[in-house]
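Undergrad: Requesting a structural model of the entry that follows:
(one chain, ligands or ions: 2)
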Amino acid sequence: MPRVYLETFGCQMNELDSQLVSSQLRTLGYTFTPESDQADVVLYNTCSVREHAEQKVWSRLGELALRKARQPALVVGVLGCMAEREGEALIKRMPVVDVLIGPAELDKLPGLLDNALRTRASLLSDETVQELAATPEDEKPDVSRLRSARQVALHGAGSHGTTNRRSSTLAAAADSLELLDLSRATSPDDHQGSAYVRITRGCNKFCTYCVVPFTRGAEVHRPPGHIIDECKRLADAGVIEVTLLGQTVNHYRFEHDHAVTIDGLIQPQKGRAYTHKQGVHHDPYKLAKGEDVTSFADLLFQIHEQVPAIKRLRFVTSFPRSFGDDILQVIRDCPRICRYLHVPAQSGSDTMLKAMNRGYTVAEYLEFIDRARQFLHQPEIDRPLTLAGDIIVGFPGETDADHQATADLLRRVRYKNCFIFKYSPRPGTIAEKNLVDDVPDEVKRRRNNDLLNLQTVISDEVSRSFVGQTLEVIVQGLSRREQKAARRAETAGACSTGASGTSLTIHGKPASASEHETTVPTDVPSADSAASRHAPVQLQGRTEGDLIVLFEPPVGVDPRDLLGRIVRTRIESASALSLFGTPV
Ligand code: SAM
Ligand code: SF4
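TA: Ligands and ions are numbered 1, 2, ... in the order given. All right, here's what the predicted structure looks like:
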């Protein structure tokens, strides 16, 4: 069976998509390799949110073009947002690509891949392959006839930067994608105690800078029964931490037995009015009492009650508008729901927020943060609320005063970490079409560094506030220090013995270039092999508030036994990036 190399770019949503397609391909007999050059099929699951992520893919494809001249049977696939955004223009620019699949069509990957492999095999006899491999670079024949092997599945028009959102087939498309999530096969070896579960696809917000509504299509909420069943199956496979995923996860809302309109909005039934009480924070989408609707608060509560084996339930990404008290109450009342919110502000300036079409003001954002703290911040019982954010610097028209307002917001909110991005115009978005990218790159870079420096000081202070507390930590694998040491040992071993791979290498995991990186290698050595290296092994885990904790396992405990488990750890010291603790 062909060996597949799959590399994932971008966010957690892409990581989940990669897990789903790999599980589907594994079920069909494909095997995976962590080395691109040993693969028969190379797949890139791409991200279009920022230009930088796309540039990496273009350069990888450029490298593959050279390789394919030597290895014409190689099949190359581009999956995800870049495939959807660029459409067939991508193949014109990079003829090396055989398979192109948008994020709304990923369920079609096995069929298309099989077609591509078969077509290539029938066009290329074994002798031809050997002959080509032996031919010098400058004498290689034209292999353009192999273009007939190409397989494309996109939901939009696919023209550069102008892809359509899913239209009349919304429900059908959602159904077949639903099958992809439902077909997930999880074995105890597939995870280290944690897993993602999608609750909402797509987005309807149309923030002016953002390509997601174009590439991932209209918002569709998954049925709560499917989500709860998936959580149960994951729990049966040993998962103890589930992260629910959606672009605006708190706007989850499933109306039972109710049609979805073609633009993805739920049509209120005749004669039914949405409740709206002045001055009371509630879910504005929630129907009057007695209506058959599952809100986000309901969903959280149901998972908490029906799947107690999930010891930690968290969710990303929250949208600061319409985050009801009902959700905060459920988080407060359910001990296994994490007191952690990733709630991007994007800017601390009302002018910028308006230009970005975010739909809230700085005052409204801060009101939400204060309200969330009131409900959830309880350091006295070792359950503080931690916050994470995203900021875009250098959006069109951003002045020094706007930038200072964003710095003030960081000081006021005190995130435990904040992702700071330089604005990059994305083709087809409202900002790219209507606004001039007028902040020079040098200014963007300076503002980016300013905020990163400020956030480092804040993160350091937030981390230090945990010293002396005893926190529950889910053990994920080796610390980065150990990973580096393992790689050095591996290189040295390979040089001296000619062998590759040691007991410390990363196995079977798709590589990831995520800015929200959470993946750590887990091929942890046994207590015996750690002892033979004369140094205690350092492990890495995460707290309820998503802080990284580094610690050494107690003497005599096999580190492998701790993987995917919760270990109570006393925090002894801290830095901006990590806490250092001792298991108690
Ligand atoms: N749905 C989430 C929300 O609204 O908060 C964000 C999802 S987006 C995939 C992740 C982050 O990428 C955003 O929060 C934003 O900070 C950043 N981003 C999106 N488009 C961008 C662009 N054109 N330039 C720079 N950063 C961008
Ligand atoms: Fe993009 Fe805005 Fe939707 Fe987030 S809410 S995915 S930033 S359009």
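Undergrad: how much space between Ser575 and ligand 2?
TA: If you measure Ser575 against ligand 2 using C-beta to the nearest ligand atom, to the nearest Å, the figure is 30 Å. Where C-beta positions appear, they are placed from N, C-alpha and C, glycine not excepted.
Undergrad: got a list of what the residue of the stretch 51-200 of the chain found nearest ligand 2 touches?
TA: Nearest to ligand 2 in the stretch 51-200 of the chain, going by C-beta to the nearest ligand atom, is Thr200, at a distance of 10.5 Å. Taking C-beta atoms under 8 Å, 6 or more residues apart in numbering, we find Thr200 in contact with 219-222, 245-249, 251-252.
Undergrad: Sort out which one of the residues you listed lies nearest ligand 2 for me.
TA: Using C-beta to the nearest ligand atom, the contacts of Thr200 come closest to ligand 2 at Gln247, 3.8 Å.
Undergrad: Show me the contact partners of the helix or strand hosting Gln374.
TA: Element membership for Gln374, per DSSP states H and E: helix 362-376. Residues outside helix 362-376 that contact it (C-beta under 8 Å, 6+ apart) are 281, 320-321, 323, 325, 328-329, 331-332, 339, 341, 343, 345, 348-350, 353, 383, 385, 387, 405, 409, 412-413.
Undergrad: of those residues, buried ones?
TA: 281, 320-321, 323, 325, 328, 331-332, 339, 341, 343, 345, 348-350, 353, 383, 385, 387, 405, 409, 413 (16 or more other C-beta atoms under 10 Å).
Undergrad: tell me, which of those residues make contact with ligand 1?
TA: Here nothing survives when those are matched to ligand 1 using C-beta under 6 Å from any ligand atom.
Undergrad: now the helix holding Gln374: mean pLDDT?
TA: Averaging pLDDT along helix 362-376 gives 97.
Undergrad: Enumerate the positions of it that are buried.
TA: Buried, per 16+ other C-beta under 10 Å, within helix 362-376: 362, 365-366, 368-369, 372-373, 375-376.
Undergrad: quick one: that helix to chain centroid distance?
TA: 25 Å (C-alpha atoms, centre = their mean, to the nearest Å).
Undergrad: Going along the chain from that helix, find the next helix or strand for me.
TA: In N-to-C order, the element after helix 362-376 by DSSP H and E is strand 386-393.
Undergrad: between that next one and helix 362-376, how many degrees?
TA: 160 degrees (axes from the mean of the first three to the mean of the last three C-alpha atoms, to 10 degrees).
Undergrad: hmm, back to that, show the pLDDT at the residue of the stretch 51-200 of the chain closest to ligand 2.
TA: pLDDT at Thr200 comes out at 95.
Undergrad: Flag every residue of the chain that's near ligand 2.
TA: Counting by C-beta under 6 Å from any ligand atom, the residues of the chain close to ligand 2 are 203, 205-207, 210, 212-213, 247-248.
Undergrad: Which of the residues you listed are buried? Put it as a PyMOL command.
TA: Selection of the buried residues among these in PyMOL, burial being defined by 16+ other C-beta under 10 Å:
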select buried, resi 203+205+207+210+212+213+247+248
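Undergrad: ok, back up a step: which ones among the contacts of helix 362-376 lie within helices?
TA: Assignment to helices by DSSP state H places the following of the contacts of helix 362-376 there: 325, 328-329, 331-332, 350, 353, 405, 409, 412-413.
Undergrad: Would you mind extracting the C-alpha trace of stretch 179-195 into PDB?
TA: These are the backbone C-alpha positions of stretch 179-195, laid out as PDB (Å, rounded to 0.1, in the frame of the first residue of the first chain):
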ATOM      1  CA  LEU A 179     -19.800  11.500   7.800                       C
ATOM      2  CA  LEU A 180     -16.100  12.400   7.800                       C
ATOM      3  CA  ASP A 181     -16.300  13.500  11.500                       C
ATOM      4  CA  LEU A 182     -18.500  10.500  12.300                       C
ATOM      5  CA  SER A 183     -16.200   8.000  10.600                       C
ATOM      6  CA  ARG A 184     -13.400   8.900  13.000                       C
ATOM      7  CA  ALA A 185     -11.600   5.800  14.200                       C
ATOM      8  CA  THR A 186      -9.700   6.400  17.400                       C
ATOM      9  CA  SER A 187      -7.500   3.800  19.000                       C
ATOM     10  CA  PRO A 188      -5.700   4.300  22.300                       C
ATOM     11  CA  ASP A 189      -2.400   4.800  20.300                       C
ATOM     12  CA  ASP A 190      -3.800   7.700  18.400                       C
ATOM     13  CA  HIS A 191      -3.700  10.300  21.100                       C
ATOM     14  CA  GLN A 192      -2.000  11.400  24.300                       C
ATOM     15  CA  GLY A 193      -5.200  11.800  26.300                       C
ATOM     16  CA  SER A 194      -6.400  14.800  24.300                       C
ATOM     17  CA  ALA A 195      -8.500  15.200  21.200                       C
END
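Undergrad: How about it, which residues are buried there?
TA: Buried, per 16+ other C-beta under 10 Å, within stretch 179-195: 180-181, 184, 186, 190-195.
Undergrad: Out of the residues you listed, the closest to Ser48 would be?
TA: Ser48 lies nearest to Leu180 out of these, by C-beta to C-beta, at 20.2 Å.
Undergrad: Quickly list what the residue of the stretch 51-200 of the chain closest to ligand 2 is bridged to.
TA: Here Thr200 sits in beta bridges with His221, as judged by DSSP bridges.
Undergrad: Okay, it and Arg216: tell me how far apart.
TA: Computed with C-beta to C-beta, to the nearest Å, the distance linking Thr200 and Arg216 is 10 Å.
Undergrad: shared neighbours of the two, anything?
TA: In contact with both Thr200 and Arg216: Gln247, using C-beta under 8 Å, 6+ apart.
Undergrad: For the residue in the stretch 251-400 of the chain that ligand 2 sits nearest to, give me the backbone phi and psi.
TA: Proximity of the stretch 251-400 of the chain to ligand 2 (C-beta to the nearest ligand atom) peaks at Phe319, 6.0 Å away. Phe319 adopts backbone torsions of phi -100, psi 130, taken as degrees, to the nearest 10.
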